[in-house]
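Engineer: return a 3D structure for these sequence lines:
(one chain, ligands or ions: 1)
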Amino acid sequence: MKLTIGHMYPDLLNLYGDRGNILTLIRRCEWRGIDIEVKSITIDINTNFTDINILFLGGGSDREQKIVSDDLTLKRMKNFKSAVEDGMTVLSICGGYQLLGKYYQIGTNNKLPGIGIFDAWTIAGNKRMITNVIIEAKINNLKFKMVGFENHSGKTYLKNTKPLGNIIIGSGNNGEDHTEGAYYKNAFGTYLHGPVLPKNPEFADYLILTALKRKYGNVVLQPLDDTFEYNTQNAIIKRFLKI
Ligand SMILES: NC(=O)CC[C@H](N)C(=O)O
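Structural biologist: This is a model prediction of the structure:
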């Protein structure tokens, strides 16, 4: 089996080690004998996404998000949306996540349009939310804890889109309604940096499995020994919940 990861805007959306998510996907596939290829999708590269199994967008500053917003909405919207409708697996973090919603309002006269995969919008707040985060993720019938850290001023509000999970510690989407992230079909958005996947193997495997199932039908994912990953995750949970 083989998966192709599309890394969108690696030169623009590249905050806080988010590229570590790609390394995690590569390793977890390699450990199972699944071939993996990574294609960079920069603004000069055209794609209709048909060869992409997992698409990744990291976090970025407002300035970089402006460039990305133009490219996404002017060039990519139709193909991106039809790939998501077709079940493409997507992981988007923070600045990338914000632009998969309807818009990111930075100031009174500065509104960056997004592509509306998520029925969500983001408004810049006057206080940055910078803290460690623990959530109870809930994807369809699956529930598990996830850890990470967040650093954003944008406050995201969801309408007809499900959150990725509920906040146990941290601010999440907006610091108000205790939701964190969003998902639609196999497209996910989250504020969790860290990077998020090394410390949250269940989420990493969920992404790999959805991509394999879309490409190959009913596939079973060989379990890995995740003792190290779960020990790390539990130590973080204990430390921040003070238990
Ligand atoms: N960490 C990020 O990707 C930042 C996203 C956005 N610029 C914000 O501050 O809300």
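
Engineer: list phi and psi for whatever residue of the chain ends up closest to the ligand.
Structural biologist: The chain approaches the ligand most closely through Gly59 (2.6 Å), counting by CB to the nearest ligand atom. Placement of C-beta: from N, CA and C, glycine included. The phi and psi values for Gly59, taken as degrees, to the nearest 10, are phi -90, psi 160.

Engineer: against which helices or strands is the strand ranked longest in the chain packed?
Structural biologist: Counting residues, the longest strand in the chain under DSSP state E turns out to be strand 120-139. If you count contacts as 3 or more CB pairs under 8 Å, 6 or more residues apart in numbering; DSSP states H and E, strand 120-139 packs onto strand 103-107, strand 142-158, strand 165-169, helix 201-216, helix 227-241.

Engineer: can you give the distance from whatever helix or strand comes next after the first one to the centre of its chain?
Structural biologist: In the C-terminal direction, the helix or strand that comes right after strand 103-107 (DSSP states H and E) is strand 110-113. From the chain centre to the centre of strand 110-113 is a distance of 21 Å (CA atoms, centre = their mean, to the nearest Å).

Engineer: next: stretch 234-243.
Structural biologist: On the basis of CA atoms, centre = their mean, stretch 234-243 sits 24 Å off its chain's mean C-alpha point.

Engineer: Phe203: neighbour count?
Structural biologist: 25 (other CB atoms under 10 Å).

Engineer: ah, wrong one, I meant Asn53
Structural biologist: By other CB under 10 Å, the residues close to Asn53 number 21.

Engineer: distance from the chain centre to the longest strand of the chain, please.
Structural biologist: Between the centre of strand 120-139 and the centre of its host chain there is 13 Å, according to CA atoms, centre = their mean.

Engineer: and the angle for it with helix 201-216?
Structural biologist: Per axes from the mean of the first three to the mean of the last three CA atoms, to 10 degrees, the angle that strand 120-139 makes with helix 201-216 is 100 degrees.

Engineer: adjacent strands (with direction) for strand 120-139?
Structural biologist: Using DSSP bridges, strand 120-139 pairs in its sheet with strand 103-107 (parallel), strand 142-158 (antiparallel), strand 165-169 (antiparallel).

Engineer: okay if I get those as a markdown table plus distance to Pro223, mean pLDDT and mean neighbour count?
Structural biologist: Listed next are the strands paired with strand 120-139 as a markdown table, based on distance: least, CB to CB, whole Å; pLDDT from 0 to 100; neighbours: other CB atoms under 10 Å:
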| stretch | distance to Pro223 | mean pLDDT | mean neighbour count |
| --- | --- | --- | --- |
| strand 103-107 | 39 | 94 | 17 |
| strand 142-158 | 15 | 97 | 19 |
| strand 165-169 | 23 | 97 | 19 |
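
Engineer: and those strands as a markdown table, adding distance to the ligand?
Structural biologist: Output for the strands paired with strand 120-139, formatted as a markdown table (distance: least, CB to the nearest ligand atom, whole Å):
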| stretch | distance to the ligand |
| --- | --- |
| strand 103-107 | 7 |
| strand 142-158 | 3 |
| strand 165-169 | 17 |
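
Engineer: how about these, which one is nearest Lys75?
Structural biologist: Nearest to Lys75, of all the strands paired with strand 120-139, is strand 103-107, at 17.4 Å by CB to CB.

Engineer: which residues are contacting that closest one?
Structural biologist: 62, 65, 69, 98, 111-114, 121-124, 154 (CB atoms under 8 Å, 6 or more residues apart in numbering).

Engineer: 7 Å - rerun?
Structural biologist: Outside strand 103-107, the residues that touch it by CB atoms under 7 Å, 6 or more residues apart in numbering are 62, 65, 98, 111-114, 121-124, 154.
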